[in-house]
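Q: can't give you the sequence, but here's the structure:
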Ligand SMILES: Nc1ncnc2c1ncn2[C@@H]1O[C@H](COP(=O)(O)OP(=O)(O)O)[C@@H](O)[C@H]1O
Ligand SMILES: C[C@@](O)(CCOP(=O)(O)OP(=O)(O)O)CC(=O)O
């Protein structure tokens, strides 16, 4: 059996900070940069042998982690990497999936990871193309921990795609080809296991929107209560496996993951901004301010949340109107900028989206000023103001935690090339690197194996 699964990266378009609180929802867009996990070997072993699981990531130096496991003794300290190498995300994913499945048979498993170029900066890398020319991956002469990341959520993609590949090894090749209801259950199981593995590897319980996007694609997301996972992490290791099974299969996580995609003809345009910010530092500043100023914070959270949810509604409104008489709207957008569109004669959705983006920026800026966390710093404000004045642009925001990392615009598809060319020699845009990424509906998918021929050794007969 040879199978390849892939999961998308993410951009949190609306709901940064609010998503940390289960009272609020956020809109996360799945991106076309995908993490792939290919099952490249699956072979049964005897009862007296140890299970061997090797994860390869050949695009990075030293990208091979190999574990010899006694399936009756699965605790953190019993799982030792054969060469003394460490990849906490690989290790905890294996530990979590096996603790959940409690396998009774031994296997030799090899899984090869392929990471799309969008996740990391590509300076100095070399491309390899699959035999049929459909796939191109970049190879680095440095370890995974040394190659700079772009912030699309590589660890969530790795954990979720690796979890799918391991589930497939143990549950069978058709674990995702069942009835819609069964598949939905399998996706929830995959999501819950991946959230647990990701939190344990990070040593903290985040909001999980990156794992949700990796699993379910572009969604409106409401998080789980963090106690669900902290309680599991505090269990005695002897109770972990049972606690995990109960949590994954029977607990009510109360999460929301409502499909929500962009509108035909309108795309996301991500700009990587040279600089970078540390999310945990921004988060602790904002949460400290919220705690110290509960009344003001509630006012900001309520208004920002209203604008976020109105954006989701306006996208839905425009999606509906896109079913009829829509080409005029797109033509109009292609020849006007967000700051020029002031009436809603053509399409109310369009003007509503523009206004929501403005309101989101207003509240995030206020949050920056009052909390002292540089969510939309002045440099980004100037840049986003300029983006509002580009023809074909509905405006843009600082995605996720904000800071100096990136900007994220909503633009008419047909204007993308022009926007990239027009901003090329513009001083204000000199730190912006437009990323070749698209928004995607789907989360986890199974890929065609022929697209990977030439990149992996495909043995004639795997079981
Ligand atoms: N292609 C990959 N192959 C192996 N491990 C990976 C890969 N991509 C990410 N990882 C793991 O995820 C870690 C990066 O996680 P993190 O710092 O949380 O970044 P991000 O914000 O991109 O998720 C890496 O150090 C490595 O352990
Ligand atoms: C502030 C946040 O709500 C959103 C952060 O979004 P980013 O996309 O900036 O995240 P990283 O990839 O972890 O840097 C924190 C959270 O939800 O975990």
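A: Yes, it's here. These numbers come from a predicted model, not from an experiment. Ligands and ions are numbered 1, 2, ... in the order given.
Q: for the rest of this, base every contact and every neighbour count on C-alpha atoms.
A: Fine.
Q: which parts of the stretch 101-250 of the chain sit against ligand 2?
A: 151, 153, 206, 207 (C-alpha under 6 Å from any ligand atom).
Q: pull the contacting residues for the residue lying closest to residue 432 once chain neighbours are set aside.
A: Nearest residue to residue 432, sequence neighbours excluded (C-alpha to C-alpha, 6 or more residues apart in numbering): residue 273, at 4.7 Å. The contact partners of residue 273, by C-alpha atoms under 8 Å, 6 or more residues apart in numbering, come to 404, 405, 406, 407, 431, 432, 433.
Q: looking at these, which one is closest to ligand 2?
A: For the contacts of residue 273, the minimum distance to ligand 2 (C-alpha to the nearest ligand atom) is 7.9 Å, reached by residue 405.
Q: tell me where the stretch 351-463 of the chain has strands.
A: For the stretch 351-463 of the chain, the strands defined by DSSP state E, counting those that start in this stretch cover 393-397, 406-412, 432-434, 439-440, 445-447.
Q: listing request: residues of the protein with sub-threshold pLDDT.
A: For the chain, the stretches with pLDDT under 70 are 1, 457-463.
Q: residue numbers of it in contact with ligand 1?
A: 57, 87-89, 115, 144-145, 149, 151-156, 158.
Q: one more time with 5 Å, if that's ok
A: 57, 87, 115, 145, 153, 154, 155 (C-alpha under 5 Å from any ligand atom).
Q: now, those residues that are in helices?
A: 154, 155 (DSSP state H).
Q: which among the residues of the chain next to ligand 1 gets closest to ligand 2?
A: Among those, residue 153 lies closest to ligand 2 (C-alpha to the nearest ligand atom), at 5.2 Å.
Q: residues near the closest one, how many?
A: Residues lying near residue 153 (other C-alpha atoms under 10 Å) number 22.
Q: thought it was touching residue 212?
A: No: with contacts counted by C-alpha atoms under 8 Å, residue 153 stays clear of residue 212, the gap being 11.1 Å.
Q: what about the closest residue in space to residue 354 that isn't next to it in sequence, distance to ligand 1?
A: Distance criterion C-alpha to C-alpha, 6+ apart; nearest residue to residue 354, sequence neighbours excluded, is residue 394 at 5.4 Å. For residue 394, the distance to ligand 1 (C-alpha to the nearest ligand atom, to the nearest Å) stands at 27 Å.
Q: residue 394: how many residues sit nearby?
A: As a burial measure, residue 394 scores 27 neighbours (other C-alpha under 10 Å).
Q: show me what contacts it?
A: Contacts of residue 394 (C-alpha under 8 Å, 6+ apart): 337, 338, 350, 353, 354, 357, 388, 409, 410, 411, 412.
Q: list buried residues within the contacts of residue 273.
A: 404, 405, 406, 407, 432, 433 (16 or more other C-alpha atoms under 10 Å).
Q: so the third one touches residue 375, yeah?
A: If I follow you right, that is residue 406. No: using C-alpha under 8 Å as the test, residue 406 is too far from residue 375 to be in contact (10.9 Å).
Q: I'd like the residues of the stretch 101-250 of the chain next to ligand 2 as TSV, with distance to residue 134 and secondary structure appended.
A: Below are those laid out as TSV (distance: C-alpha to C-alpha, whole Å; DSSP: H, G, I helix; E, B strand; the rest coil):
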residue	distance to residue 134	secondary structure
151	25	coil
153	23	coil
206	35	coil
207	34	coil
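Q: tell me the one of those residues nearest residue 76?
A: residue 206 (21.0 Å; C-alpha to C-alpha).
Q: so how far is ligand 1 from that closest one?
A: Relative to ligand 1, and taking C-alpha to the nearest ligand atom, residue 206 is found at 11 Å.
Q: which parts of the stretch 201-350 of the chain are strands?
A: Using DSSP E, counting those that start in this stretch, strands in the stretch 201-350 of the chain cover 219-222, 256-259, 266-273.
Q: helix/strand/coil for residue 170?
A: In terms of secondary structure, residue 170 is helix; the call rests on DSSP: H, G, I helix; E, B strand; the rest coil.
Q: got a list of what it touches?
A: With the criterion set at C-alpha under 8 Å, 6+ apart, residue 170 makes contact with 101, 103.
Q: what about it, distance to ligand 2?
A: On the measure of C-alpha to the nearest ligand atom, residue 170 and ligand 2 end up 31 Å apart.
Q: same check on residue 374?
A: 12 Å.
Q: which residues touch that residue?
A: Residue 374 sits next to 282, 368, 402, 403 when contact means C-alpha under 8 Å, 6+ apart.
Q: next one: residue 93
A: Per C-alpha under 8 Å, 6+ apart, neighbours of residue 93: 159, 162, 163, 194, 197, 198.
Q: counting contacts, what elements does the longest strand seen in the chain pack onto?
A: Looking across the chain with DSSP state E, the single longest strand is strand 26-45. Strand 26-45 sits against strand 3-14, strand 106-115, helix 154-171, helix 209-216, strand 219-222, helix 294-321, strand 439-440, with contacts defined as 3 or more C-alpha pairs under 8 Å, 6 or more residues apart in numbering; DSSP states H and E.
Q: recalculate using a threshold of 7 Å.
A: strand 3-14, strand 106-115, helix 154-171, strand 219-222, strand 439-440 (3 or more C-alpha pairs under 7 Å, 6 or more residues apart in numbering; DSSP states H and E).
Q: residues near residue 449, how many?
A: 14.
Q: again but with residue 223, I slipped
A: If we define neighbours as other C-alpha under 10 Å, then residue 223 has 23 of them.
Q: hey, what's residue 26 bridged with?
A: Note on residue 26: beta-bridge partners by DSSP bridges are residue 221.
Q: start and end of stretch 144-158, how far apart?
A: 12 Å (C-alpha to C-alpha, to the nearest Å).
Q: scratch that, stretch 221-239
A: 30 Å.
Q: can you check stretch 408-425 too?
A: Start-to-end span of stretch 408-425 (C-alpha to C-alpha) is 20 Å.
Q: next: stretch 127-142.
A: End-to-end distance for stretch 127-142: 15 Å, by C-alpha to C-alpha.
Q: farthest pair in the buried ones among the contacts of residue 273?
A: 404 and 433 (12.7 Å).
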